[in-house]
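Colleague: sequence plus the predicted model coming up.
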Amino acid sequence: MISVGLAQCPRCRRARPIVDRARAIGEYDGALRAVIHALKYEGRRSLARPLAALMRERGAAMLDGAACAVPVPLHRSRRRARGFNQAADLARRLGVPVVHALRRLRPTATQTDLPAARRHRNVRSAFGATRHARAIAGSVIVLVDDVSTTGATLDACARVLKDAGALEVRALTAARVVTGRR
């Protein structure tokens, strides 16, 4: 299992974490990268089932005691173009209730095209709580996404969930980009 803290930028090392705990099933490399790419960009949604099974197995500590899973939302224009939200497909198969407590307020540039220093700014104020967020007050939440690179998206979402009353926000992703070990 990969921890979010493996390769952090200086800004992230100084900042107080928003996400309480985070895990990924592996590095965003090789076969795992190919599977996620096929799911996300080639529309091979059947791949969500085996990915979620690995997430359940290797991320059991993240799911233990969680009230629900909250998928990272896509902006409606990106969801319309892709036809689905891969994070929601993964969340549905984790064995905990799914609450769509977040919405993307504005379209953002894809994080993969941005240098690490600009990713936090790109997603700042990009997410908001939905009416379903009332259900998460006082609860342990598992935030679900396909890939974490710098953690900027997870942090932005976790901030909204905590503002909505979440007691603890854990993150579970299918992969984590690892650029260096400390």
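Modeller: Looks like it came in fine. Numbering: from 1, shown residues only.
Colleague: assign the residue nearest in space to the middle of the chain to helix, strand or coil.
Modeller: Residue closest to the average C-alpha location in the chain (C-alpha atoms, centre = their mean): Asp145, at 2.9 Å. Under DSSP: H, G, I helix; E, B strand; the rest coil, the three-state class of Asp145 is strand.
Colleague: give me the beta-bridge partners of it?
Modeller: Beta-bridge pairing for Asp145 (DSSP bridges): Thr173.
Colleague: wait, what's in contact with it?
Modeller: Residues in contact with Asp145 (C-beta atoms under 8 Å, 6 or more residues apart in numbering) are 71-72, 87, 90, 153-154, 171, 173-174. Where you see a C-beta, it was placed from the backbone N, CA and C, and this is true even at glycine.
Colleague: can you do 6 Å?
Modeller: Applying C-beta atoms under 6 Å, 6 or more residues apart in numbering to Asp145 gives the contacts 72, 87, 173.
Colleague: who wins for neighbours among the residues you listed?
Modeller: Thr173 (31 neighbours; other C-beta atoms under 10 Å).
Colleague: correct me, but it touches Ala24?
Modeller: Yes: taking C-beta atoms under 6 Å as the definition, Thr173 is a contact partner of Ala24 at 4.6 Å.
Colleague: follow-up on the earlier one: could I get the contacts of Asp145 as JSON lines with pLDDT and distance to Val98?
Modeller: JSON lines is the format used below for those (pLDDT from 0 to 100; distance: C-beta to C-beta, whole Å):
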{"residue": "Val72", "pLDDT": "96", "distance to Val98": "12"}
{"residue": "Ala87", "pLDDT": "97", "distance to Val98": "10"}
{"residue": "Thr173", "pLDDT": "97", "distance to Val98": "16"}
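Colleague: from these, which is closest to Gly43?
Modeller: Ala87 (14.8 Å; C-beta to C-beta).
Colleague: where's that closest one, which helix or strand?
Modeller: Secondary structure assigned from DSSP states H and E places Ala87 in helix 86-91.
Colleague: who touches that helix?
Modeller: 39-40, 45, 48, 52, 69, 71-72, 98, 144-146.
Colleague: of these, select the buried ones using a ChimeraX command.
Modeller: In ChimeraX, this line selects whichever of the contacts of helix 86-91 come out buried by 16 or more other C-beta atoms under 10 Å:
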select :39,40,48,52,69,71,72,98,144,145,146
